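> Pasting the sequence and the predicted model now:
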Amino acid sequence: MEKIKIVLDTDMGSDCDDAGALAVLHNLAKIGEAEVLAAVHCCSEISGAYAVKSINQWYGGQDIPVGRYDKKKFLEGGKYSKYTKPIMEKYLQTHAELKFESATRVLRKALSENDDVTIVVIGMQNNIAELLKSEADDISMYSGLELVEKSVKKMYVMGGNFADLTCAEYNIKCDIESARFVSENFPRPIVYCGFETGCNIVTGKQLKDADENHPVRLAYYLHGKHLDKNQMLRFSWDPITVYCAVRQNNPFYKESKKLKIGFNKNGCVRLGEGGKDCYIIQNAKDAEITNEIDRFLK
């Protein structure tokens, strides 16, 4: 079986399903279906990068490069650190402070050293926009656009609402400019996993009995507490996106026909004919998908 080479881009902090998605990715990697090349965090909140590092380490991926968005005041503090800050504090009890490389450099390194990469974006697209705009440097003689053309097979993006084209989905709405730039300039196929794919799939039940030191368990517990819910369950937008990126021919979702997919100035999806992109469509019952995602969210 071919291992899918994955680079993950996450906004971990605002919702716990990012942590769940990273758990799914590592568990699929453990059974030989994926190789995690790198992970980057797309928000200014540094505790998010620490949370990614901590979760990687929990699953034995302590050597996976982690990059962070190094500009200030983009989704920082407050609700964007409600579980990542406690995870960071716990990590720093036994580890020295880290100096993270910028997300752009980590992305450029991963692409310069690998071919047939699948990028998975489960947050905003600012890192991808900056990658595309990056110029040749000490890492590679190629521009970011050229690196993507050379090394990326396709990209999966959790974003958009394809069931209601009048509704701007959160990941797009938080940075409409980047989403529009990427949709217009990304040279490889993009597979969009819309809001509708995860809003009926509630997962995380196995985390209740997990080790209390498990950082993904802590993420779901603290996020649920923040929502005044005494449960470790959450909608599954990001875990589904990761699952579909690794198991691209799974029986639970199918791809739409090829389309030109973009976003208007309000962040709503625009569909046109003759493009290279598509979006996923549910192809199984909610309960079947829930059970499948829960198998890997532990």
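Looks like it arrived, so ask away.
> So for K229, what's the pLDDT?
Looking at K229, its pLDDT is 63.
> Please apply the same query to K208.
89.
> Check the spacing between it and M155 real quick.
33 Å (C-beta to C-beta, to the nearest Å). The way it works is simple: take the backbone N, C-alpha and C, and place the C-beta from them, glycine included.
> higher neighbour count, these two?
M155 (24 against 12; other C-beta atoms under 10 Å).
> where does this protein have low pLDDT?
For the chain, the stretches with pLDDT under 70 are 226-230.
> Strands along that one, start to end?
With DSSP state E as the criterion, the chain has strands at 4-10, 34-41, 66-68, 101-102, 117-122, 152-158, 190-193, 202-203, 234-235, 253-255, 259-263, 269-282.
> T84: which of those strands is closest?
strand 34-41 (9.1 Å; C-beta to C-beta).
> Contact partners for G48?
Counting by C-beta atoms under 8 Å, 6 or more residues apart in numbering, G48 touches T10, D11, M12, G13, H41, R68, Y80, S81, T84.
> Closest to F100 out of those?
R68 (4.3 Å).
> Could you measure from that closest one over to A23?
Between R68 and A23 the distance is 20 Å, computed by C-beta to C-beta.
> When these two are compared, which one has more neighbours?
Using other C-beta under 10 Å, the more surrounded residue of R68 and A23 is A23, with 28 against 25.
> list the contacts for the residue lying closest to that one once chain neighbours are set aside?
Nearest residue to A23, sequence neighbours excluded (C-beta to C-beta, 6 or more residues apart in numbering): V216, at 4.7 Å. Listed by C-beta under 8 Å, 6+ apart, the contact partners of V216 are A19, G20, L22, A23, I55, W58, L207, A210, L297.
> Quick check: the two most widely separated of those?
L22 and A210 (14.3 Å).
> Give me the more crowded residue out of these two.
L22 (30 against 18).
> And that one, how far from T118?
Counting by C-beta to C-beta, the gap from L22 to T118 is 15 Å.
> what about A179, neighbour count?
Counted with other C-beta under 10 Å, A179 comes out at 28.
> That one touches Q125, doesn't it?
Yes - counting by C-beta atoms under 8 Å, A179 touches Q125, with 5.1 Å between them.
> isn't C43 right up against G77?
No - counting by C-beta under 8 Å, C43 stays clear of G77, with 9.9 Å between them.
> which of those two has more neighbours?
C43 (28 against 13).
> What are the neighbouring residues in contact with the residue nearest the centre of the chain?
By C-alpha atoms, centre = their mean, the chain has its centre lying nearest to I122, at 2.7 Å. By C-beta under 8 Å, 6+ apart, the contact set of I122 is 8-11, 17-18, 21, 158, 171, 237-238, 241-242.
> again, but for Y243
By C-beta under 8 Å, 6+ apart, the contact list for Y243 reads V24, L28, N250, E292, I293, F296.
> Now with 6 Å, please.
V24 (C-beta atoms under 6 Å, 6 or more residues apart in numbering).
> gap between it and V120?
10 Å.
> Likewise for T241?
6 Å.
> How much space separates the residue nearest to the centre of the chain from Q282?
18 Å.
> what's around K285, how many residues?
11.
> I meant to write L98 there.
15.
> The one 3 residues further on too?
As a burial measure, E101 scores 19 neighbours (other C-beta under 10 Å).
> Tell me how far it lies from S47.
From E101 to S47 the distance is 17 Å (C-beta to C-beta).
> Dump the contacts of V216 to TSV, plus distance to K109.
Output for the contacts of V216, formatted as TSV (distance: C-beta to C-beta, whole Å):
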residue	distance to K109
A19	24
G20	27
L22	20
A23	24
I55	21
W58	23
L207	32
A210	33
L297	29
